[in-house]
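Novice: Quick one, what's the 3D model for this:
(one chain, ligands or ions: 1)
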Amino acid sequence: MVAPRVYQALHQPIVGHLDPYFFEVAEDIRRLLGYAFSTANEFNIAISGTGTSGMETAVANFVEPGEKFAVLANGYFCDRLADVARRHGTVVARLEKPWGEVFDDQEARDFIRREKPRVVAYVQAETSTGAFQPGHAICEAAHEVDALAIADCVTSLGGMPVLVDETGIDIAYSCTQKGLGCPPGLAPLTVSPRAWERLRKRTAPVDSFYMDLRLLESYFRDRKYHHTASATMFYALREALAIVREEGIENRWERHRRNHEAFVAGVEALGLRMHVAAADRLWTLNTPCVPDGVNDAQVRQRLLSEYGIEIAGGFGPLAGKVFRIGLMGYSSTEENVAKILDALRKILSGAIK
Ligand SMILES: Cc1ncc(COP(=O)(O)O)c(C=O)c1O
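Specialist: Numbers count the residues shown, from 1 in each chain. Below is the predicted model:
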């Protein structure tokens, strides 16, 4: 859900994409993104486009055709990262895990040391499974072999500790429509000084004009026209980030953790099992297993038509096996936890053995 203050921000008068006021807003976003990502990086921008545009930007700028791109693959968005990297001409090396499990430090290290890639990518918060992938060992091993580390933080930013600097992430990207409580349309992105150094040395042009970070730098820093960014979306993101700042990022994480744990306790009391091990769960996206004999599509349909609650189903290897229930950003509230548990109790009563 979108925060009411963000809806209000969407009504502000529109200025041009080169107006001094537009750059004031972009500067606020730059500063506030540093806070939300927990980084001292100076280069924090919002890419025009949804989360996937952040992913494509992260890939396109930091690898060149023929270079090795390593992916820790334990869900759908890891596969998307691999697909994007392949389309940019890289040689993709994958380490596989079943959907819902995470990589331990040693297996991640062994893979990276063996492959010696130019870039290592992982999904911190895998929305297809509900699992959180810690990144310290991944980033450390990446740096050991002189690779950069990319982290997909689409379902963690604003809801769970992303901790870019502490983890050692070089490039992190996210979206606006999840933990930040904005409409979709921008992809927050942060780039470390180490990654910038690599970019400055790059000789081959980035194979995307729109997502070329050096061109985007000259837009945001030197105010040189690159594309017509949406002032409206920038207002919305600035407001959403201001709300994060006012709430305090640690308080916000704590709110998500509390509501997630209340949800898990409630759903387990109904007799459902969680798909992901307790230590690896996202606080933003919950994946209880569909009980035996229950049709998940029918449950979702009833939630929507009778209770006005939209949840998602599993897909790929988890199709029909899990529900995907988002409690993130403005939607992570005690009331929403109570509402979904009450609705599930009524719909599933009698169905769970
Ligand atoms: C982990 C992850 N990465 C990337 C994306 C792509 O983001 P978008 O759909 O905003 O383009 C999503 C979308 O849900 C996601 O969950």
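Novice: Report the contact partners of the residue in the stretch 251-353 of the chain that the ligand sits nearest to.
Specialist: Of all residues in the stretch 251-353 of the chain, L285 sits closest to the ligand, with a separation of 8.1 Å (C-beta to the nearest ligand atom). In short, each C-beta sits where N, CA and C put it, glycine included. L285 makes contacts with 125, 127, 130, 155, 324-328, as judged by C-beta atoms under 8 Å, 6 or more residues apart in numbering.
Novice: Let's see if you can find the most crowded of those.
Specialist: Highest neighbour count within the contacts of L285, by other C-beta atoms under 10 Å: G130, with 31 neighbours.
Novice: What's the separation between that residue and the ligand?
Specialist: Relative to the ligand, G130 is positioned 11 Å away (C-beta to the nearest ligand atom, to the nearest Å).
Novice: any low-confidence regions in this protein?
Specialist: Counting by pLDDT under 70, the chain contains low-confidence ranges at 352-353.
Novice: tell me the contacts of the residue of the chain found nearest the ligand?
Specialist: Residue nearest to the ligand within the chain: G51 (2.6 Å; C-beta to the nearest ligand atom). G51 makes contact with 152, 154, 173-175, 177, 184, 187, according to C-beta under 8 Å, 6+ apart.
Novice: Same check on V63?
Specialist: Counting by C-beta under 8 Å, 6+ apart, V63 has contacts 69, 85, 88, 90, 118-119.
Novice: please redo it, this time with the cut-off set to 6 Å
Specialist: Contact analysis of V63 by C-beta atoms under 6 Å, 6 or more residues apart in numbering lists 69, 90, 118-119.
Novice: Of these, which belong to strands?
Specialist: 69, 119 (DSSP state E).
Novice: Top of the contacts of V63 by number of neighbours, please.
Specialist: Ranking those using other C-beta under 10 Å puts F69 first, with 27 neighbours.
Novice: Report the secondary structure state of the nearest residue to I340 once chain neighbours are set aside.
Specialist: Distance criterion C-beta to C-beta, 6 or more residues apart in numbering; nearest residue to I340, sequence neighbours excluded, is I309 at 5.9 Å. Three-state call for I309 (DSSP: H, G, I helix; E, B strand; the rest coil): coil.
Novice: Which parts of the stretch 101-250 of the chain are helices?
Specialist: Per DSSP state H, counting those that start in this stretch, the stretch 101-250 of the chain carries helices over the ranges 105-115, 136-144, 164-167, 193-201, 213-220, 231-247, 249-269.
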